[in-house]
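Engineer: here is my input; please provide its structure:
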Amino acid sequence: MNLIVNYLIDDKLSTIPTKALSKRTTGGELESIHYEIFIENQHVISKISDVTELGVKNFQKALPKNIRIAACQTCRYGNFSPYGDNDNEIFCLIDFDFKNKSEVCEIFSDPSNLEKRRQHLLDFCSNYKPISLADYYTYNDWDWD
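Structural biologist: Numbering: from 1, shown residues only. Prediction:
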């Protein structure tokens with residue numbers, strides 16, 4: 001499957017078609033996923049993972065250092081549910097300024113307000129801001145290193 005993925009290349013936003021190759025079990029569950037892209041004269045192939053979240057992390061690790069994925073999973077507003085989530089699911093909580101996990105838990109304790117905030121990990125919008133754990137709290141385990 002070809003996805004349209006946003007990247008910061010030397011801090012400049014670019015949108016590039018990216019291959020997502022996955023296998024599913026007969027029950028429809030994700031079995032494996034990895035990503036491929038031809039970028040800056042390199043064919044980049046990520047390590048295979050059994051969940052999308054780790055697949056995106058493995059893909060970032062395979063990319064050249066000057067290229068960063070710009071998506072909900074790498075956004076300061078992209079928060080996972082502290083109560084567990086589905087594969088390829090993250091929530092945009094742009095209207096909140098959290099200080100800690102307990103404040104995130106409070107928002108997720110009433111799931112009726114969250115459905116409209118549900119996103120896929122590689123989704124992107126114009127409000128994107130990279131995660132910076134030193135500057136603000138995001139309930140997300142993304143790590144740029």
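Engineer: gap between Thr15 and Asn58?
Structural biologist: The gap separating Thr15 from Asn58 is 21 Å, by CB to CB, to the nearest Å. (C-beta placed from N, C-alpha, C; glycine too.)
Engineer: which SS state does Glu103 fall under?
Structural biologist: Glu103 falls in the helix class when you classify it by DSSP: H, G, I helix; E, B strand; the rest coil.
Engineer: can you give me the end-to-end distance of stretch 59-74?
Structural biologist: Taking CA to CA, to the nearest Å, the span from the opening residue of stretch 59-74 to its closing residue is 12 Å.
Engineer: list of residues touching that stretch?
Structural biologist: Contacts of stretch 59-74 from elsewhere in the structure, counted by CB atoms under 8 Å, 6 or more residues apart in numbering, are 5-10, 13, 34-35, 37, 39-40, 42, 44-47, 53, 56, 78, 90, 92, 119-124, 128, 130-131, 140, 142, 144.
Engineer: what's the helix or strand for His43?
Structural biologist: Assignment of secondary structure by DSSP states H and E places His43 within strand 42-45.
Engineer: looking at Thr15 and Asn58, which one has more neighbours?
Structural biologist: In this view Thr15 and Asn58 are compared by other CB atoms under 10 Å, and Asn58 has more residues nearby, 17 against 11.
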